[in-house]
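Chemist: whatever this is, show me its structure:
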Amino acid sequence: MKRGFTSKREAELFLASVEVSKARGEYIEHAQSRSTVGLLGTAWLARQTHLKPPSLRPVEAAWRNHVEPVWGGTAVADIRKSAVQQWASDLTSGSDAESRKPKSATVVIRAFGVLASILDEAVDDRRILTNPARGVNLPRKVKRQHIYLSHEEVHRLADESKYPTLILILAYCGIRWG
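Modeler: Okay, the predicted model is just below:
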């Protein structure tokens, strides 16, 4: 709640704006908007019980390594879209304060997803009106080019192998990436 009005008119205008925002369903309590990302993120992570351990580990790592160090002490009401965009760009380019090493698109997208999910929950809990992370430009994943052996390379590999028949079967009968 704002205090220290310089005039009665200023106080009445503020009260009217609060009443209008309540009527529109847009009122956010000041104390709720001061919750930090660190506090909300820890609780959010604890609620990710639907994820199996192999899926949860990268999410926890993204929280611990990229989101919490930058956003942990920031109140959700103080987060701006431009700051989130700058953070994502810094992670991508490697100009982030943590390591100065560019992160892959997958790492950036996962870290962004953690922050955006926490802020989505803050919107749902009426701590902020809109999610400032929505609409941020993220890096695109680049598909790696598959490299295949030529016929000569396959035969040379088979000749050098202890199991040449196995090499030929795997090479010509459907070995798959992954």
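Chemist: neighbours around the residue lying closest to residue 135 once chain neighbours are set aside, how many?
Modeler: Closest residue to residue 135 apart from its sequence neighbours, by Cβ to Cβ, 6 or more residues apart in numbering: residue 81 at 6.7 Å. No exception for glycine: its C-beta is placed from N, CA and C like everyone else's. Per other Cβ atoms under 10 Å, the neighbour tally for residue 81 reads 14.
Chemist: show the subsequent helix or strand relative to the lowest-mean-pLDDT helix or strand in the chain.
Modeler: Lowest on mean pLDDT, DSSP states H and E among the helices and strands of the chain sits helix 30-33, with a mean of 69. Next along the chain after helix 30-33, taking DSSP states H and E as the criterion, comes helix 37-46.
Chemist: C-alpha coordinates for that following helix, CSV please?
Modeler: As requested, the backbone C-alpha atoms of helix 37-46 are provided in CSV (Å, rounded to 0.1, in the frame of the first residue of the first chain):
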residue,chain,number,x,y,z
VAL,A,37,11.9,-15.7,-7.6
GLY,A,38,14.1,-17.6,-5.2
LEU,A,39,11.3,-18.2,-2.8
LEU,A,40,8.8,-19.1,-5.5
GLY,A,41,11.2,-21.1,-7.5
THR,A,42,12.2,-23.4,-4.6
ALA,A,43,8.5,-24.1,-4.0
TRP,A,44,7.8,-24.6,-7.7
LEU,A,45,10.7,-27.1,-8.0
ALA,A,46,9.3,-29.0,-5.0
